[in-house]
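Engineer: sequence first, predicted coordinates after that:
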Amino acid sequence: MWIHLLPSGTFWKVLSRSRLQLRNCVEARPWLSFSSMVSYHLYGVICTVGNQLMPTCSSAMKEFNTSSVLGLCKEVIIDHTLAGQPLAENIVVIAACNPARQQTITVNPRERDLARDWVGGHYQVSDLPPSVKKIKWAFGSLNRDQEKEFILKRLEFMADGDCSMPSYLRVALTEFIAESQQAMRTFATRSKRDGLIREFGETSEQVDELAGSRAQSIVSLRDIQRVFSLFDFYSSYLRLSSIGDAVAAQTHRNAMLLAIATVYYLRLDSHNRTEFLKMTRSLPAEQGQKNDLQHVLDLAMDEVIAATEIPPAIAVTRGLKENVFMTFVCTLSKSPLMMVGPPGASKVRSPFVFISSMIFGFLMPFLLDSIGEYCGGQL
Amino acid sequence: MNIVADNCNGEDSSSPFYRKHARLALYHYQCSKKSTSKELLAVFDKATQRQNRVDSSKHRCFVLMDEAGLPEEERESLKVLHYLLEGHMSAKAEVGFVGISNHVLDAAKTNRCVVLLREEPDEADMLSIARGVLFNIKGEVYSRAHQVDFGGELVPADDFARSLCQSYADMLHDDGELHWFDTFFGLRDLIHFFKALRSNSTLEGVKMTLSVQDVVRAIERNFNGVSPKAIRLIAYHFLQPLTSSNIYWSPRCLEGAFRDPVHVIQHALQPSGQVSSLTSGTRFKLIIDESGDDSILRLLNIGGILRLSKKSMFKLSRMPQDVALEELRLISGVKFAALQGKTAVLSQTESINESFYDLFNQHFQSVTGRDGSVDLYTNIAVEGVSRRSLVRPEFECVVHVNELDLPLMPAPFLNRFEKFRLTIKDVLYSGWEGLGELAVIFKRSRQSVSHLASVLSECGGIGWVNNEKTIDSLFIDLLPDSYSSSKVRETGGTCNVVSLIIEVVQSISTLRPMANDLLYVIDMAIDYLNDEDSEALRLMSREGVDEVRAWQLVETLRAPGADMTQLSRIVRNLVQMLVTRMTVRRMLQLATPESVFAARYVDEIE
């Protein structure tokens, strides 16, 4: 829960991310003590600004429909009371929740562990109480054009002052990221639809709608943020020789290709990866530049693997290369990584292969400088 | 991780090379179905506190969350990750995170991570694995086998490996009789199958020699735990593409190639040289019990295949009281057994199996001591907190599960074991095999008893869960611990028929008949045998039998294809009638008085 005080249009942040874990709150007592803390701070602000101003206190409840005390949340939102006690007039409650989409359960739960469904798209949430449903507002997400605009602005902000990224390249890379987002949703819709048809045995409007809604959540602004974060990581800190010279336009393109591979491509199954590569190759590129994502990724992985000590009894398969490379990149760039795969797919071994290599110092020399700089910096 | 921590000490490292690199600190969390957000938070807090105290350019901390798909989503224990995976306003988190799961988590968590999908390996990857496991010969020169002599036929090594991989892939995607294959077996089974092939083979330079028998043995160990029909089908899928096209193959061709399940388990648990799974590089064992009442464990103990004691048997009760304490005790017991290098047999431990995932996976860290000895350490988790535990190479682990609980077992758990399936009938038939031709006596006796049981069961019986299983249990009870061969009769003379038959029965079973039982049987036999045999029996009863000759005949009864003289025929019939009589008497003790009364006019009862 966040507390923001807004006395007459001025935004004062008094409590930064005071957290109350709603999930664990099975009694009203934690809520009440939290409420007391809020009142205390409110009193402090009132004393500071004087009695003429009555600050409006807005409290935001995130993901409240994952809470085990949904009834209490409903009381706060609808009735404006807490455990029967009315809340102050100047408290405004804003609640956010995820849509209720249950996971489709297959007949055999073990099929789920085969990692054949890469889409997911479900939220483990409770259904909203009917009274809260009536005031629910679907915030939605950015549409395609808005997303593209967001990407371009973000890219311009990042590249501001950097002469090595001309404006035409910014537009091209914007297109790249936007198309990747869209491609992911298209693939997700198709995969989800096929899965639902297998489950229900037939196609219908309901199936199409369900597939579409789940596919919508497969990518978000966070993925775009991650692309930029990794783009910066690849171009400024990691400095793989396979990316190229830092000043060349192709270098920026290659760094973006790697970032896109990391965020989107490596998340797909084999069939959709082939489709994704076709999509990237079809995007326009300037003369002398290429959008060969597979080639750039292979070079980068080979460079990392060549410097990594792999125990002799382990086969260096493509799967292992990807695992080691991703662990390497995500650990250094502090990007959370989730490896999804069936049992026995070397998911656990790779992090340990990578760790032992790092500790025994078999990684390439450029890391000697890069790690120090990158880890000390903030993105 | 011990080796990692010992070697990479940043500026304090002994080697100048390591001093330039950051120290990597891994915080391992083993998820289970009962993971809580508090446990997760504790691990992250630890990592974060450490990261805040150190220079991030020289020290990097991250959390590795294993089996992230296990926590029950309804408990929402992973919801705390929403706050831990990113900082304020979607800034970078303070520590890194790597999560491992067998399936995609919900969108709220997936959205906060980079996701890497690791599918089943494709053809090229599987071939690479097969080549490495099957053919890489480690020695002074790292070379590879180029050819495989399979049943007298020379096959290029790559073709041999490719055929096996293709067979496996076909079975994974089979929609017919093997549609269940992909949810029961996985890549670990295939890799260990390759390892077993390699250890069963003989190597001469760059030529590897394998027979059909070697392949079958490898399948028995690594693609087992299914019905006999299914395992033959699997063997057929592997073998058929390897043989010449002019040889017609069918699963029936493999009828005689498979050993009985008890012998397979016996060989798996007591291999020659008394080496443990860890020493031999094989997986731990999982026994699927079809009996429904844990009888298989008892029978394996009685048969000397499994040594069960208070110190080796770990069984969780399903009573709700003191569950936490009992689980802790059990985990401690297993840790101690690992430390001592003993055998641990786990039964009904579904609720805590996740604590041992690293152990079951045989994922060890080796630490070399100052004296050159190598110690193995693995992570054993207690309520989500992983601790390194020493494991002696002699440690053996056997997990026992009921067949009814099998559908609830997750795939990652099953893949970690060599699986074996046992029924009461398997144990019985295995015991009979040791009796040679004398087993025919028991089989015929069983038929008679089964027929009577079917009559009685129509009228109801108590203690009969299933007719056939109860009868099998009765006959298992008759199996001797070991067959005691006849005493050598050096002196001549005659012996009484009654004492002869009683001695024979006592030597081949656990029955202890009384003389009255045999007299009754002899009277009945005189009425039911043919005239010639009846007359001979009357004579034997009056005048006795030559002792030496009688025992020689008894010994020949064990041998297959032995000539059936009149004496041996009579002795066999008498033994069969006596065994049937005494078994029926035991069976009637399980019947209700009402069912006996209702079936009183059935001849067999009289």
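Structural biologist: Thanks, I have the structure now. The structure presented is a predicted model; accordingly, all values stated were derived computationally and were not measured.

Engineer: hey, let's count contacts and neighbours off CA atoms from now on
Structural biologist: Fine.

Engineer: where in the stretch 101-250 of chain A is pLDDT low?
Structural biologist: A:101-109, A:121-122, A:124, A:160-165, A:238-239, A:242-249 (pLDDT under 70).

Engineer: that one: strands as residue ranges?
Structural biologist: With DSSP state E, counting those that start in this stretch as the criterion, the stretch 101-250 of chain A has no strands.

Engineer: which positions in it make contact with chain B?
Structural biologist: With C-alpha under 8 Å from any C-alpha of the partner chain as the criterion, the stretch 101-250 of chain A comes near chain B at residues A:109-124, A:217-220, A:222-223.

Engineer: just the buried members of the residues you listed?
Structural biologist: Buried members of these, scored by 16 or more other C-alpha atoms under 10 Å in any protein chain shown, are A:110-124, A:217-219, A:223.

Engineer: return whichever helix in chain B runs longest as PDB; C-alpha atoms alone will do.
Structural biologist: Among the segments of chain B that qualify as a helix by DSSP state H, the longest is helix B:566-588. The C-alpha coordinates for helix B:566-588 follow below in PDB (Å, rounded to 0.1, in the frame of the first residue of the first chain):
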ATOM      1  CA  GLN B 566       5.400 -94.300 -10.800                       C
ATOM      2  CA  LEU B 567       7.000 -93.500  -7.500                       C
ATOM      3  CA  SER B 568       7.800 -89.900  -8.400                       C
ATOM      4  CA  ARG B 569       4.200 -89.500  -9.800                       C
ATOM      5  CA  ILE B 570       2.700 -90.800  -6.600                       C
ATOM      6  CA  VAL B 571       4.900 -88.700  -4.400                       C
ATOM      7  CA  ARG B 572       4.100 -85.600  -6.400                       C
ATOM      8  CA  ASN B 573       0.400 -86.200  -6.300                       C
ATOM      9  CA  LEU B 574       0.500 -86.800  -2.500                       C
ATOM     10  CA  VAL B 575       2.500 -83.600  -2.000                       C
ATOM     11  CA  GLN B 576       0.100 -81.600  -4.100                       C
ATOM     12  CA  MET B 577      -3.000 -82.900  -2.300                       C
ATOM     13  CA  LEU B 578      -1.400 -82.200   1.000                       C
ATOM     14  CA  VAL B 579      -0.400 -78.600   0.100                       C
ATOM     15  CA  THR B 580      -3.900 -78.000  -1.300                       C
ATOM     16  CA  ARG B 581      -5.500 -79.400   1.800                       C
ATOM     17  CA  MET B 582      -3.500 -77.200   4.200                       C
ATOM     18  CA  THR B 583      -3.900 -74.100   2.100                       C
ATOM     19  CA  VAL B 584      -7.600 -74.500   1.800                       C
ATOM     20  CA  ARG B 585      -7.700 -74.800   5.600                       C
ATOM     21  CA  ARG B 586      -5.900 -71.500   5.900                       C
ATOM     22  CA  MET B 587      -8.200 -69.900   3.400                       C
ATOM     23  CA  LEU B 588     -11.300 -71.100   5.200                       C
END
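
Engineer: now for the longest helix belonging to chain A, which elements pack on it?
Structural biologist: In chain A, taking DSSP H as the definition, the longest helix is helix A:167-200. Here helix A:167-200 touches helix A:144-159, helix A:205-216, helix A:249-263, helix A:270-282, going by 3 or more C-alpha pairs under 8 Å, 6 or more residues apart in numbering or on different chains; DSSP states H and E.

Engineer: nearest to B:Asp371, of those?
Structural biologist: For B:Asp371, the closest of those is helix A:249-263, at 45.5 Å, according to C-alpha to C-alpha.

Engineer: how about the helices in the stretch 451-600 of chain B?
Structural biologist: Listed in chain order, the helices of the stretch 451-600 of chain B (DSSP state H, counting those that start in this stretch) span residues B:467-476, B:497-508, B:515-528, B:531-543, B:547-558, B:566-588, B:593-598.
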